[in-house]
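Trainee: okay, sequence plus prediction incoming.
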Amino acid sequence: MPVINRIADFTDDLTAWRRHLHAHPELQFDCHQTAAFVVDLLRAFGVDAVHEGIATSGVVAIINGNAAGPTIGLRADMDALPMDEMTGLDHASTVPGRMHACGHDGHTTMLLGAAKYLAETRNFAGRVALIFQPAEELGGGAQVMVQEGILERFDIGQVYALHNAPGTPVGAFYTTPGPIMAAVDSFEIHITGRGGHGAMPHETADPIMAAVGIVQAIQTIVSRNHAATDDLVVSVTQIHTGSADNVIPGTAYINGTVRTFDSAVQAMVMTRLDQIVAGQAAAYGVMAELVYDVGYPATVNDPDSTVFAADVARAVSADVVADHRREMGAEDFAYMLEKRPGAYLFIGNGDSAGLHHPAYEFNDAVLPVGASFFARLVERALPLR
């Protein structure tokens, strides 16, 4: 695949940077060491300006081209996940309970590679804003950066981002116009009954039976309350209750996730959950409270920007799919795409463990490909006349 020669020249540097980041993961908005590492490199590259402390630990760096023009934004996420690593690698996480299991170390490094090349060549008319974002996994760092005004402050007219894709050939790209990632909500159900002796259930108001009834009824939302052509996932992911085999507990807890693309479908799920919880609570003689948390919106690609980005991807890869099926995962880059045209693309990570798996590892062979994509994107979006 035609990686930019200059970027290929510093592939070893890219690998070293990525592995350093992998060994030192940070969570949510507390990405200060990661940001400091990024800033030191950006200044060594000779970028024109570095702005720190955005959304607590986010960074925006500016590179000016060789002529005046608009500003394009390129975003990479920096945060890791709260989980233990099980790779056994020499550069494995040095911090117990933290791991780069989603490849954000690779995303940050790909953008650093593009920054080094663009700061050297400046073969474009306008500016590139390099956005290094904290708290993608938890906290909505993209939303906070948008709320703090980075799009207006740096006059960013369009935005793009990459995410690695395990199971897809190294360096292959896929994307799609319109919705590409789902909106993600979560719900909690708190059930209060009346506990008692396991041998005397008639003297109790059993929250376990209520929980079972609620969970079974929730399954009818997808199977009976929505059109089969509308993508929808409602998953119960936690049930916590009880402490002993001869004790009927007094409380139970249910947790789950909802994935949608359509606001009307989302509203229907919220209504049905409320009805199911209230109805099942009454049926089993317990009290139940539903807490519904609206999370990241759907990630929606601008159609024209998607066509353009896919064409740029073809300049660095022979394997590009521009009409891939949309996915039920979620991504807070959605907040940037709500405000500016742009596109979100996936880049193949090869035959690796899946995302959020303790044996996951970002494939370093992807680094020069992703960096070349970002660089070509800027040069083609902001051509010198």
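Mentor: Done, it's in.

Trainee: contacts, neighbours, all on C-alpha from now
Mentor: OK.

Trainee: what residues are up against residue 385?
Mentor: By Cα atoms under 8 Å, 6 or more residues apart in numbering, the contact set of residue 385 is residue 125.

Trainee: try residue 2
Mentor: Residue 2 is in contact with 315, 316, 317, counting by Cα under 8 Å, 6+ apart.

Trainee: would you map the strands across the stretch 1-150 of the chain?
Mentor: Taking DSSP state E, counting those that start in this stretch, the strands of the stretch 1-150 of the chain run over residues 49-54, 58-64, 67-77, 125-133.

Trainee: quick one on the thing from earlier: any chance of the contacts of residue 2 in CSV, plus distance to residue 367 and pLDDT?
Mentor: CSV is the format used below for the contacts of residue 2 (distance: Cα to Cα, whole Å; pLDDT from 0 to 100):
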residue, distance to residue 367, pLDDT
315, 16, 95
316, 12, 96
317, 13, 96
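
Trainee: under the pLDDT cut-off, which ranges of this protein? List them.
Mentor: Within the chain, the segments meeting pLDDT under 70 span 1.

Trainee: quick test: name the residue nearest the centre of it.
Mentor: residue 331 (3.6 Å; Cα atoms, centre = their mean).

Trainee: got the phi/psi numbers for that one?
Mentor: Residue 331 adopts backbone torsions of phi -160, psi 130, taken as degrees, to the nearest 10.

Trainee: repeat for the one 10 residues further on
Mentor: In terms of degrees, to the nearest 10, the main-chain angles of residue 341 are phi -70, psi 150.

Trainee: that one contacts residue 309, correct?
Mentor: No: in this structure, residue 341 is not within contact of residue 309 by Cα atoms under 8 Å, at 11.6 Å.

Trainee: these two: who's more crowded?
Mentor: residue 309 (24 against 18; other Cα atoms under 10 Å).

Trainee: secondary structure element for that one?
Mentor: Assigned by DSSP states H and E, residue 309 belongs to helix 303-314.

Trainee: helices or strands next to that helix in the packing?
Mentor: The helices and strands touching helix 303-314, judged by 3 or more Cα pairs under 8 Å, 6 or more residues apart in numbering; DSSP states H and E, are strand 173-174, strand 320-321, strand 342-348, helix 367-381.

Trainee: 10 Å - rerun?
Mentor: strand 156-165, strand 173-174, strand 178-181, strand 320-321, strand 342-348, helix 367-381 (3 or more Cα pairs under 10 Å, 6 or more residues apart in numbering; DSSP states H and E).

Trainee: send me that helix as CSV with only the CA atoms.
Mentor: The C-alpha trace of helix 303-314 is given here as CSV (Å, rounded to 0.1, in the frame of the first residue of the first chain):
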residue,chain,number,x,y,z
PRO,A,303,-22.4,12.2,2.9
ASP,A,304,-20.1,14.5,0.8
SER,A,305,-17.3,14.4,3.4
THR,A,306,-17.6,10.6,3.5
VAL,A,307,-17.2,10.3,-0.3
PHE,A,308,-14.2,12.6,-0.1
ALA,A,309,-12.6,10.7,2.8
ALA,A,310,-13.1,7.4,1.1
ASP,A,311,-11.4,8.7,-2.0
VAL,A,312,-8.4,9.9,0.1
ALA,A,313,-8.3,6.4,1.7
ARG,A,314,-7.9,4.9,-1.8
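
Trainee: which residues sit against that helix?
Mentor: With contact meaning Cα atoms under 10 Å, 6 or more residues apart in numbering, helix 303-314 is reached by 1-2, 158-160, 171-179, 301-302, 317, 319-323, 341-345, 347, 369-370, 372-381.

Trainee: again, only this time at 6 Å
Mentor: Contact with helix 303-314 is made by 177, 322, 342, 343, 377, as judged by Cα atoms under 6 Å, 6 or more residues apart in numbering.

Trainee: out of those, grab the one that's most surrounded.
Mentor: Among these, residue 343 has the most neighbours (other Cα under 10 Å), with 31 neighbours.

Trainee: surely that one and residue 322 touch.
Mentor: No: if you go by Cα atoms under 6 Å, residue 343 and residue 322 don't touch, sitting 11.2 Å apart.

Trainee: so which residues of the protein form helices?
Mentor: For the chain, applying DSSP state H gives helices covering 5-9, 11-23, 32-45, 104-121, 141-147, 150-153, 207-224, 263-284, 303-314, 334-339, 367-381.
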